[in-house]
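Student: fold the following and give me the result.
(chains A and B)
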Protein chains: 2
Amino acid sequence: MADAADEATEESFGDVMPEAARRLLLGAVQAFAERGFHATTTRDIASRAGMSPAALYIHYKTKEELLYQISRVGHERSVRILTEAAATGGDNARRLEAAVRAFVRWHAEHHTTARVVQYELSALEPGHYEEIVGLRRRTEEILRGIVADGVRAGEFAVADLPGTVLAVLSLCIDVARWYHAGGRRGPEEIGALYAGLVLRMVGAGHQK
Amino acid sequence: MADAADEATEESFGDVMPEAARRLLLGAVQAFAERGFHATTTRDIASRAGMSPAALYIHYKTKEELLYQISRVGHERSVRILTEAAATGGDNARRLEAAVRAFVRWHAEHHTTARVVQYELSALEPGHYEEIVGLRRRTEEILRGIVADGVRAGEFAVADLPGTVLAVLSLCIDVARWYHAGGRRGPEEIGALYAGLVLRMVGAGHQK
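Tutor: Predicted coordinates for the structure are as follows:
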């Protein structure tokens, strides 16, 4: 279980270079997830990465800088996943289904990273916080775009568009809280279940 | 905003006596919410309650004992809210609507307590953890009972009963993560929106 989670976390930060910087991000995700941002020291993080605190400072000036990089990588990934899903061919129900499946799968597989990203947002410095909030807004806009397209096309019936989109995002994100690798349902299965529930939430299939 | 949140938190622990024990729970909720369980010291908690660390130990043996009491009170409240809603008269759609409204309203109004309860679960000692998991199971059973009654009565159409109930609970609980008192929607409005979405999730109104 821990191995699968660690593999997923490593995959999240696969693009981060040099390797020492990547190892430090992995160490920070694990430490923040276990103890919380405020209870973690840069020494804890360096030691998990097999490095000295002095070596950490070559790559990251502060502990907050590590949290910011984790949040940025996680949120950019969310935007990319949803952008790709929005570009799926077919009707809007298929696009929404693709978006929910991919978003849920990411939050299940990368639940450790996602929890840090979601729960420690308030520890970011104002400038970093604003940037992350901008990425979250982008995520919301992409999903809202798909649902709005479906409403315009007469495929969906939604009384409160922003409220419904907020609920759909919230449902997907919360998978990171309760998901655990040994559980009854895997990421694919939860993605399929949730795609079906979300199609019901937007009133798909009852508007013909 | 802070005042409203504090009032809600005070109300959560209104039954806890003596008053010093209640003040310590309030201080612990605030400290855990701001800094996380592991970064909070018993000195922080005592000082927020206007007490000495020695006075804290009269009421709570450890920091974990405070977290356990917060979790217990929060989860017992959830069970009570859902039990009352399940006893609502009318058809199962009305019962489910009442349950979702009340559960969402609690998670919005008491979002500070709810976040501590949800995010710090892994810091509980094994015996306490088991007890809290038992209360969570009870919460799930009550909601599953309502949905199952609706399916049996031909009011709802649900392909995956446990999965759908898990999603409904998750949707409601995650309100505590994103809700803030200055936001566009109040607890009542979110409760009404979510009740409508959940009725769609269980396929209410399409089975006649």
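
Student: give the helix, strand or coil label for residue A:205.
Tutor: Following DSSP: H, G, I helix; E, B strand; the rest coil, residue A:205 is assigned to coil.

Student: so the closest residue to it other than its chain neighbours is in which element?
Tutor: Excluding the flanking residues, the one nearest residue A:205 by Cβ to Cβ, 6 or more residues apart in numbering or on different chains is residue A:199, at 6.8 Å. In this view, the C-beta of every residue, glycine as well, is placed from N, C-alpha and C. Per DSSP states H and E: residue A:199 is located in helix A:187-201.

Student: can you show me the CA trace of that helix as PDB?
Tutor: Extracted C-alpha coordinates of helix A:187-201, given in PDB (Å, rounded to 0.1, in the frame of the first residue of the first chain):
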ATOM      1  CA  PRO A 187      -9.400   4.400  -8.800                       C
ATOM      2  CA  GLU A 188     -11.000   3.200 -12.100                       C
ATOM      3  CA  GLU A 189     -14.100   1.800 -10.400                       C
ATOM      4  CA  ILE A 190     -14.700   5.000  -8.300                       C
ATOM      5  CA  GLY A 191     -14.200   7.100 -11.400                       C
ATOM      6  CA  ALA A 192     -16.800   5.100 -13.300                       C
ATOM      7  CA  LEU A 193     -19.300   5.200 -10.300                       C
ATOM      8  CA  TYR A 194     -18.800   9.000  -9.900                       C
ATOM      9  CA  ALA A 195     -19.100   9.700 -13.700                       C
ATOM     10  CA  GLY A 196     -22.500   8.100 -13.600                       C
ATOM     11  CA  LEU A 197     -23.600  10.000 -10.500                       C
ATOM     12  CA  VAL A 198     -22.400  13.300 -11.900                       C
ATOM     13  CA  LEU A 199     -24.300  12.700 -15.200                       C
ATOM     14  CA  ARG A 200     -27.400  12.400 -12.900                       C
ATOM     15  CA  MET A 201     -26.500  15.600 -11.100                       C
END
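
Student: what's that helix packed up against?
Tutor: On a contact count with 3 or more Cβ pairs under 8 Å, 6 or more residues apart in numbering or on different chains; DSSP states H and E, helix A:187-201 meets helix A:92-109, helix A:161-173, helix B:161-173, helix B:187-201.

Student: give me whichever of the ones you listed is most buried.
Tutor: Most buried of those, by mean neighbour count (mean count of other Cβ atoms under 10 Å in any protein chain shown): helix A:92-109, with a mean of 24.

Student: re the thing from before, okay if I get the helices and strands packed on helix A:187-201 as TSV plus mean pLDDT and distance to residue A:37?
Tutor: Converted to TSV, the helices and strands packed on helix A:187-201 look like this (pLDDT from 0 to 100; distance: least, Cβ to Cβ, whole Å):
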stretch	mean pLDDT	distance to residue A:37
helix A:92-109	96	20
helix A:161-173	97	18
helix B:161-173	97	22
helix B:187-201	98	28
